[in-house]
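Visitor: Got a sequence here, can you model it:
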Amino acid sequence: MLSGFYTAASGILTQQRNLSVVSNNMANSQTVGFKSDRLVTSTFDHTLMTRIERGTRTHIGTTSPISTVDDIVTNLESAGYKSTERPFDMAISGEGYFNIMGLERQYMTRNGNFNIDQEGYLVLEGIGRVLGENGAVNVGGSDFTVDYDGSVYDGNMNYIDRLLVTVPDEGVELQKYNNGLFSSNQVQIVGNATVFQKLLERSNTDMNEEYTRLMEAQKAFTACSNALQIMDTMNSRATAIAMVS
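Guide: Numbering: from 1, shown residues only. Have a look, this model is predicted:
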């Protein structure tokens with residue numbers, strides 16, 4: 001009976017996490033450059049009931065499978081672009097991330113919905129200043145252009161800097177944060193990056209797919225919750241019968 005409690009409870013916890021992931025994807029369906037997540041689950045089965053002592057494995061029992069969250073995987077595929085009239089809006093075609101100097105760390109993002117601060121620096125609102133290969137990029141105002149290779153020029157076509165576009169080293173995972181931000185301790189500059197001005201990358205959240213996943217997670221959550229209630233009722237009745245006996 002107790003093993004059934006564990007199975008149902010683990011299912012509830014897993015589906016709560018799944019609902020959180022799906023809800024976050026849906027909430028960011030209009031966030032520029034957002035990359036959706038997927039929950040990967042696995043189960044602990046009878047292998048957890050094996051004792052290892054002095055190099056010897058001893059089988060001590062079996063238990064019901066318990067559902068656990070194995071990983072959360074981010075879909076990094078692009079979902080297309082939309083044209084704007086703002087000179088501060090930019091998008092990267094192909095691989096690579098813009099780099100933003102935040103208060104706590106340097107972030108990487110596909111969100112090119114930039115603006116300028118009071119000192120004329122390109123910024124990602126609420127995060128920090130946009131970095132070029134020589135530091136924060138100061139454009140002064142809206143009269144500037146960005147070439148396809150990421151080179152930034154002022155209104156008189158004087159070179160300012162080249163936008164810093166990087167990717168993590170091969171085999172190095174990205175650490176994901178809120179609002180489509182990532183970080184990595186090991187990166188390399190993308191030498192052939194293509195940047196478009198007055199263009200923004202769309203979120204790759206597929207709302208039809210997310211609605212389907214949401215309904216599946218809700219049904220699974222309800223089923224596990226009902227199973228847990230049934231087992232609790234059965235356990236209470238068994239206890240009452242034992243006390244009467």
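
Visitor: Report how many residues lie close to residue 7.
Guide: Neighbour count of residue 7, defined by other C-beta atoms under 10 Å: 19. No exception for glycine: its C-beta is placed from N, CA and C like everyone else's.

Visitor: my read is it is in a helix, agree?
Guide: Yes - read with DSSP: H, G, I helix; E, B strand; the rest coil, residue 7 is one of the residues of a helix.

Visitor: List the residues that contact residue 88.
Guide: By C-beta atoms under 8 Å, 6 or more residues apart in numbering, residue 88 lies in contact with 113, 114, 115, 116, 122, 142.

Visitor: Narrow those to those that are buried.
Guide: Buried positions within these, assessed by neighbour count (16 or more other C-beta atoms under 10 Å), are 113, 114, 116, 122.

Visitor: Tell me the bridge partners for the first one.
Guide: By that I understand residue 113. residue 89 (DSSP bridges).

Visitor: And it, what's its pLDDT?
Guide: Residue 113 carries a pLDDT value of 96.

Visitor: wait, it sits on residue 30?
Guide: No - at 11.0 Å, residue 113 does not count as touching residue 30 under the criterion of C-beta atoms under 8 Å.

Visitor: about what we covered before: as TSV, the buried ones among the contacts of residue 88 with distance to residue 81 would be great.
Guide: TSV is the format used below for those (distance: C-beta to C-beta, whole Å):
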residue	distance to residue 81
113	12
114	15
116	22
122	19
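
Visitor: out of these, what pair is the most spread apart?
Guide: 113 and 116 (12.5 Å; C-beta to C-beta).

Visitor: For residue 16, see how far away residue 90 is.
Guide: 38 Å (C-beta to C-beta, to the nearest Å).

Visitor: Of these two, which one has the most company?
Guide: The residue with more neighbours, out of residue 90 and residue 16, is residue 90; 25 against 13, by other C-beta under 10 Å.

Visitor: hang on, the more buried one packs against residue 196?
Guide: Yes - applying C-beta under 8 Å, one finds residue 90 in contact with residue 196, separated by 6.7 Å.

Visitor: still on that earlier bit, so which of the contacts of residue 88 comes closest to residue 176?
Guide: Out of those, the member with the shortest distance to residue 176 (by C-beta to C-beta) is residue 113, at 18.3 Å.

Visitor: Show the contacting residues for the closest one.
Guide: Per C-beta under 8 Å, 6+ apart, neighbours of residue 113: 32, 33, 88, 89, 124, 125, 200.

Visitor: May I ask which of those comes out lowest in pLDDT?
Guide: Here the lowest pLDDT out of the contacts of residue 113 sits on residue 33, with 89.

Visitor: Pull the number of nearby residues for the closest residue to that one other than its chain neighbours.
Guide: For residue 33, ignoring the flanking residues on the chain, the nearest one in space by C-beta to C-beta, 6 or more residues apart in numbering is residue 110 at 3.3 Å. Number of residues near residue 110 (other C-beta under 10 Å) recorded here: 23.

Visitor: How about residue 189?
Guide: Quick note: residue 189 (other C-beta under 10 Å) scores 13 neighbours.

Visitor: Could you say which helix or strand holds the closest residue to it other than its chain neighbours?
Guide: In space, and not counting its chain neighbours, residue 189 is closest to residue 166: 5.6 Å by C-beta to C-beta, 6+ apart. Element membership of residue 166 [criterion: DSSP states H and E] is strand 165-168.

Visitor: and the following helix or strand past that strand, what does it pack onto?
Guide: The helix or strand immediately downstream of strand 165-168 is strand 175-176, counting by DSSP H and E. In terms of contacts (3 or more C-beta pairs under 8 Å, 6 or more residues apart in numbering; DSSP states H and E), strand 175-176 is packed against strand 181-183.
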